[in-house]
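In: this one's sequence-less:
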């Protein structure tokens, strides 16, 4: 085998230009496949991160009427939907897919929130329990968080994120200042920010509405103080943190099932539904892959062309080396020995092309990613598979010339080689 590889390398080196042109189809095919697979993988990771977030693994379970989220501020408290009990929360926490959970009430669009004459445009107002910040990955950047007495004594205190602070206070610190919510004065006791910064890429209207609320800012108050400005006994929404990203869908679904079991009025189409961002990400990934799979088939044509080129050059090589084959057979070389020699040469030729294709592909991935601002993630299985596949092409397309060489009659071969 080592002798066959040495002879193959010697033959390739002695016809450098011809060998390179033969490998060109393999190089282009392998480079194209690696580029496409890497772009697909990078795009899928971007889709997943864009929707799911940067490792937060949280799932929002909100009241819906039909296909739309129920707006408590416009339609009032729905009949037959009770406040979530402590027993239900404990049942949610016992789910194997759930790490943490929190209850909250909300107004999707902040209304009548002012600091002096400046209004908070858009954003949201939330009434949160003690677990909300930990579940959602918020930390206190200025001031303090809510204390136990804030809940027990119904204190009118609020937390702002940095977007809301910038909107209300025009770049100044809001700490210690007073904001009005529907005419009630609340003191800003803390500023919050995400523990892990996450900047979503907005590429569609759906993405805009998914992230608009966070971008416009949020204002948080203790849920005990919620009835001061809104309504008593509002049914809460739930946010759960799954143990990992892959369990987000199940965590959301099982939580929704627990909450829906407590709804007594089933006639108004009001149910708890999980915002299954992971499932949405998977659907977008499948759509992306379906489109890019066509490009893979087109790139594979280059490999087919490269394989035909290998077969052609090996047939030429057999013709050129007819005398050498006849001499080897005359001194006792068997068919298997001749067959293996030419198969090895074809495999070595395509393997070198495969390695060159991998290098070209990696350079191409970096270039495409930089020029198109498209994320890319190099796929190790694609690289390994490409090299193995290129060797397979050499064996498959080198088989016919090798068999032809092995079946040459030694007398005829010597006569034609003279």
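Out: Sure thing, it's come through. Given the structure is predicted, the values throughout are model-derived calculations rather than measurements. Residues are numbered from 1 along each chain as shown.
In: distance of the closest residue to residue 66 other than its chain neighbours relative to residue 248?
Out: For residue 66, the nearest residue in space outside its immediate sequence neighbours is residue 269; the separation is 5.1 Å by Cβ to Cβ, 6 or more residues apart in numbering. In this view, the C-beta of every residue, glycine as well, is placed from N, C-alpha and C. Applying Cβ to Cβ, to the nearest Å, one obtains 25 Å for the distance of residue 269 from residue 248.
In: who has more neighbours, these two?
Out: Each of residue 269 and residue 248 has its neighbours counted (other Cβ atoms under 10 Å); residue 248 has more, 26 against 10.
In: so that one sits right up against residue 60, yeah?
Out: No - the pair residue 248 and residue 60 does not pass the contact test of Cβ atoms under 8 Å, sitting 10.6 Å apart.
In: helix, strand or coil: sort out residue 134 for me.
Out: When the structure is reduced to helix, strand and coil (DSSP: H, G, I helix; E, B strand; the rest coil), residue 134 reads as helix.
In: just the element for the closest residue to it other than its chain neighbours, please.
Out: Of all residues beyond its chain neighbours, the one nearest residue 134 is residue 100 (6.4 Å), with distances taken as Cβ to Cβ, 6+ apart. Assigned by DSSP states H and E, residue 100 falls within strand 98-107.
In: and the contacts of that strand?
Out: Contacts with strand 98-107, where a contact means Cβ atoms under 8 Å, 6 or more residues apart in numbering, come from 57, 72-73, 84, 89, 92-93, 124-129, 131-132, 134-136, 223, 226, 230, 234, 236-243, 251, 254-255.
In: which secondary element of this structure has the worst mean pLDDT?
Out: The helix or strand of the chain with the poorest confidence is helix 205-216; it has a mean of 51 (mean pLDDT, DSSP states H and E).
In: the inter-axis angle of the next helix or strand after that helix versus strand 98-107?
Out: The element immediately downstream of helix 205-216 (helix or strand, assigned by DSSP H and E) is strand 218-222. Comparing the axes of strand 218-222 and strand 98-107 via axes from the mean of the first three to the mean of the last three Cα atoms, to 10 degrees yields an angle of 100 degrees.
In: in its sheet, what does strand 218-222 sit against?
Out: Here the strand partners of strand 218-222, with direction, are listed using DSSP bridges: strand 124-128 (parallel), strand 157-161 (antiparallel).
In: quick one: these as a markdown table, columns for mean pLDDT, distance to residue 177 and mean neighbour count too.
Out: Conversion of the strands paired with strand 218-222 to a markdown table gives the following (pLDDT from 0 to 100; distance: least, Cβ to Cβ, whole Å; neighbours: other Cβ atoms under 10 Å):
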| stretch | mean pLDDT | distance to residue 177 | mean neighbour count |
| --- | --- | --- | --- |
| strand 124-128 | 93 | 17 | 23 |
| strand 157-161 | 95 | 10 | 24 |
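In: can you convert these into a markdown table and add a column each for distance to residue 379?
Out: Converted to a markdown table, the strands paired with strand 218-222 look like this (distance: least, Cβ to Cβ, whole Å):
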| stretch | distance to residue 379 |
| --- | --- |
| strand 124-128 | 39 |
| strand 157-161 | 37 |
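In: shouldn't the residue nearest to residue 66 be in contact with residue 65?
Out: Yes - Residue 269 lies in contact with residue 65 (Cβ under 8 Å); the separation is 5.7 Å.
In: and residue 140, that one's in a helix?
Out: No - secondary structure of residue 140 (three-state DSSP): strand, not part of a helix.
In: list the buried ones in the helix or strand containing residue 343?
Out: Assessed by DSSP H and E, residue 343 sits inside helix 335-372. Judged by neighbour count (16 or more other Cβ atoms under 10 Å), helix 335-372 contains these buried residues: 338-339, 341-358, 360-362, 364-365, 368-369.
In: tell me the SS of the closest residue to residue 266 other than its chain neighbours?
Out: By the measure of Cβ to Cβ, 6+ apart, the closest residue to residue 266 outside its immediate chain neighbours is residue 80, 7.6 Å from it. Reducing the assignment at residue 80 to three states with three-state DSSP gives coil.
In: burial check on residue 80, number of neighbours?
Out: When neighbours are counted by other Cβ under 10 Å, residue 80 registers 13.
In: now do residue 183
Out: Burial of residue 183, expressed as a neighbour count using other Cβ under 10 Å, amounts to 8.
In: same question for residue 131.
Out: There are 17 residues near residue 131, going by other Cβ under 10 Å.
In: go on, residue 16?
Out: Residue 16 has 9 neighbouring residues, counting by other Cβ under 10 Å.
In: quick check, pLDDT for it.
Out: In this model, residue 16 is scored at 74, pLDDT.
In: which ones are touching it?
Out: Shown here is residue 16, which makes no contacts under the criterion Cβ under 8 Å, 6+ apart.
In: report all helices and strands that the helix holding residue 343 contacts.
Out: Using 3 or more Cβ pairs under 8 Å, 6 or more residues apart in numbering; DSSP states H and E as the contact criterion, the neighbours of helix 335-372 among helices and strands are helix 2-14, helix 16-52, helix 277-320, helix 322-330, helix 380-406.
In: kind regards, and thank you for your time.
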